[in-house]
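**Student:** Sequence unavailable; structure follows:
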């Protein structure tokens with residue numbers, strides 16, 4: 001007879017429509033800044049997002065992460081390491097659960113490389129080297145006779161006489177890819193003149209950037225350094241000019257020495273051939289120039305991913321048949337420094353990684369063709385991904401991890417090639433023959449194994465190029481449809497014309513209706529003759 005009530009809040013969430021799609025940094029991109037902002041597309045029904053950034057494709061080494069993000073972007077609190085491959089993924093979350101994105105990979109910019117583009121900046125190569133010069137009084141501006149150089153013996157002596165106009169200049173090139181450019185130089189004022197009459201100048205691209213009043217109160221007993229930012233001139237060749245002008249009384253001089261224009265660029269440190277599979281397999285790359293390579297072609301990539309390069313070193317010589325060995329030919333070309341070491345993986349279980357039991361070759365290779373016997377697992381029914389890596393090494397390491405650690409990351413020299421295996425044959429033949437009989441052409445074939453096989457079709461043509469005509473009206477049934485063991489079969493082509501060359505083609509049809517050509521053979525049909533003997537009474 002007693003009752004009690006309470007209010008309960010029920011939160012209802014719409015199921016997530018899809019996993020988020022990463023947008024930046026793009027998958028396979030190189031030259032990414034070490035302070036990237038990660039962005040992704042919003043997911044219908046998503047209330048928050050989690051992100052992970054790692055240095056390995058299984059995210060065991062996470063270097064930056066965040067949870068509960070309500071927006072669609074994330075910037076790590078500290079910079080990433082330069083010239084490093086990173087993997088990242090984002091997960092959409094709501095009250096119904098979560099959906100992670102595919103993993104994306106990118107490579108950060110390498111270290112900064114700076115080059116001095118001023119020629120003969122210390123003037124020690126003497127006159128008429130890199131610098132042009134002029135003097136209204138006819139003096140030699142680039143000088144080594146007075147002991148006023150900051151370092152060495154040579155310097156630029158500007159002014160130094162009444163009513164003098166002297167200058168030195170050159171036009172260095174600053175590349176368009178420049179990330180920083182700085183002009184530094186050392187100067188010294190040597191003057192006994194009144195202020196406001198004699199001047200020195202730094203002019204860049206025809207415009208005065210710095211002015212020095214060469215009066216006695218500004219005289220110097222030692223050199224001082226000055227710096228001017230030149231980044232705004234990237235992609236051009238601005239003229240750098242030092243100049244001094246004096247009046248008609250007293251003597252003032254401006255000394256210039258040790259001029260440097262450092263132009264800096266950032267890029268990945270090495271040219272590389274990259275792998276082509278999705279990022280879940282890990283990114284592999286080989287630095288170098290193709291001196292040692294797989295096949296005749298080596299491609300320097302600017303990104304990694306399918307279609308970015310030419311892979312021509314791996315050839316499948318046999319059909320793939322479950323439970324049997326297949327010959328895979330790996331062509332090795334070029335001259336190594338240390339040796340030729342070959343590794344080959346197949347993703348037999350199609351889980352998107354090369355597990356530590358999926359490496360089938362780990363051995364020295366020879367120049368030219370290497371015919372490798374690869375055991376195809378029993379029960380394989382579909383195409384699988386493979387990766388071949390040729391190292392400039394006399395031996396290979398044996399380190400294994402959740403993903404074979406040597407199936408990704410970088411290596412000096414050699415090449416990496418990715419691709420797909422052939423479609424495994426559902427039916428394996430032991431033989432296919434054709435014999436002329438009085439009744440026609442007798443076709444016979446025997447299978448070693450049949451997987452989900454429904455039956456066979458026989459085709460005939462008078463040329464290997466066709467056209468092909470199917471001879472059997474109904475499917476020639478398998479001895480035991482769907483079974484895996486082998487069987488022997490015969491079939492008569494009773495429509496063959498005498499003294500005619502034919503090509504026959506045998507096709508297997510699976511239970512799901514898919515078909516594959518097993519083998520073709522040629523025969524000339526000459527009917528067996530009958531021999532008549534006299535009847536003896």
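**Tutor:** Done, it's in. No experiment lies behind these values; they were computed from the predicted model shown.
**Student:** Quick check: which ranges of the stretch 251-400 of the chain have low pLDDT?
**Tutor:** 266-271, 306-308, 396-400 (pLDDT under 70).
**Student:** again but with the chain, I slipped
**Tutor:** Using pLDDT under 70, the chain drops low at 266-271, 306-308, 396-403, 405, 528-537.
**Student:** most centrally placed residue in it?
**Tutor:** Central residue of the chain (C-alpha atoms, centre = their mean): residue 304, 2.7 Å from the mean position.
**Student:** ok, the closest residue to it other than its chain neighbours - how many residues close by?
**Tutor:** Sequence neighbours aside, residue 274 is the residue nearest to residue 304 in space, at 3.4 Å (criterion: C-beta to C-beta, 6 or more residues apart in numbering). All C-beta atoms are positioned from the backbone trio N, CA, C, and that covers glycine. Look at residue 274: counted by other C-beta atoms under 10 Å, it has 24 neighbours.
**Student:** Helix or strand next in line after the helix or strand hosting residue 167, which one?
**Tutor:** Secondary structure from DSSP states H and E places residue 167 in strand 165-170. On the C-terminal side of strand 165-170, the closest following helix or strand by DSSP H and E is strand 180-191.
**Student:** Give me the helices and strands touching the next helix or strand after that following strand, please.
**Tutor:** Next helix or strand after strand 180-191 toward the C-terminus (DSSP H and E): strand 199-204. Applying 3 or more C-beta pairs under 8 Å, 6 or more residues apart in numbering; DSSP states H and E, one finds that strand 199-204 contacts strand 180-191, strand 207-213, strand 224-229, strand 240-245.
**Student:** returning to what we had before: contact partners for the residue nearest to residue 304?
**Tutor:** 28, 283, 284, 285, 301, 303, 304, 305, 308, 309, 416 (C-beta atoms under 8 Å, 6 or more residues apart in numbering).
**Student:** what do you get for residue 167?
**Tutor:** Contacts of residue 167 by C-beta under 8 Å, 6+ apart are 133, 134, 141, 158, 241, 242, 243, 244.
**Student:** Give the bridge partners for it, please.
**Tutor:** residue 134, residue 243 (DSSP bridges).
**Student:** Same question for residue 409.
**Tutor:** residue 284.
**Student:** Burial check on it, number of neighbours?
**Tutor:** 13.
**Student:** from what I can see it touches residue 105, true?
**Tutor:** No - using C-beta atoms under 8 Å, residue 409 is not in contact with residue 105; the gap is 11.5 Å.
**Student:** List the residues that are in contact with both of the two.
**Tutor:** Joint contacts of residue 409 and residue 105 (C-beta under 8 Å, 6+ apart) are 85, 283.
**Student:** for the stretch 1-150 of the chain, what spans make up the strands?
**Tutor:** Applying DSSP state E, counting those that start in this stretch to the stretch 1-150 of the chain gives strands spanning 22-24, 29-32, 38-40, 48-54, 62-69, 73-74, 85-94, 97-100, 104-108, 112-116, 132-135, 142-143.
**Student:** Figure out which of these is closest to residue 14.
**Tutor:** strand 85-94 (7.3 Å; C-beta to C-beta).
**Student:** Run through who's touching that closest one.
**Tutor:** With C-beta under 8 Å, 6+ apart as the criterion, strand 85-94 contacts 13-14, 16, 19-20, 22, 25, 38, 40, 43, 45-57, 59, 63, 80, 98-108, 279, 283, 409.
**Student:** Just the buried residues of those residues.
**Tutor:** 16, 19-20, 22, 25, 38, 40, 43, 45-46, 49-57, 59, 63, 80, 99, 101, 103-108, 279, 283 (16 or more other C-beta atoms under 10 Å).
**Student:** And the residue nearest to the centre of the chain, how close does it get to residue 40?
**Tutor:** Distance of residue 304 to residue 40, computed by C-beta to C-beta, to the nearest Å: 20 Å.
**Student:** Likewise for residue 111?
**Tutor:** 29 Å.
**Student:** Show me what the closest residue in space to residue 225 that isn't next to it in sequence bridges to in the sheet.
**Tutor:** Of all residues not flanking residue 225 in the chain, residue 186 sits nearest, at 5.3 Å (C-beta to C-beta, 6+ apart). For residue 186, the beta-bridge partners are residue 225, residue 257 (DSSP bridges).
**Student:** Count the residues that sit near the closest residue to residue 494 other than its chain neighbours.
**Tutor:** Leaving aside its chain neighbours, residue 494 sits nearest to residue 440 (4.1 Å; criterion: C-beta to C-beta, 6+ apart). Using other C-beta under 10 Å, residue 440 is surrounded by 16 other residues.
**Student:** looking at the helices and strands packed on strand 199-204, which is closest to residue 296?
**Tutor:** Among those, if distance is taken as C-beta to C-beta, the winner is strand 180-191, at 41.3 Å.
**Student:** Which strands and helices lie in contact with that closest one?
**Tutor:** strand 199-204, strand 224-229, strand 252-266.
**Student:** Mind listing what's buried along it?
**Tutor:** Using 16+ other C-beta under 10 Å, the residues of strand 180-191 that count as buried are 181, 183, 184, 185, 186, 187, 188, 189, 190, 191.
**Student:** got those residues as CSV, with distance to residue 469 columns?
**Tutor:** Shown next, in CSV, are those (distance: C-beta to C-beta, whole Å):
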residue, distance to residue 469
181, 75
183, 82
184, 84
185, 87
186, 91
187, 94
188, 98
189, 100
190, 103
191, 105
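**Student:** still on that earlier bit, these two touch, right, the residue nearest to residue 225 and residue 257?
**Tutor:** Yes - the pair residue 186 / residue 257 is scored as a contact, 5.0 Å apart, by C-beta under 8 Å.
**Student:** Need the overlap of contacts for these two.
**Tutor:** What both residue 186 and residue 257 touch, as defined by C-beta under 8 Å, 6+ apart, is the set 150, 223.
**Student:** ranges for the helices of the stretch 401-537 of the chain?
**Tutor:** In order along the chain, the stretch 401-537 of the chain carries no helices (DSSP state H, counting those that start in this stretch).
**Student:** what are the ranges of the strands in it?
**Tutor:** Under DSSP E, counting those that start in this stretch, the stretch 401-537 of the chain gives strands at 409-412, 415-420, 427-437, 440-450, 453-461, 469-470, 476-477, 488-493, 500-510, 515-525.
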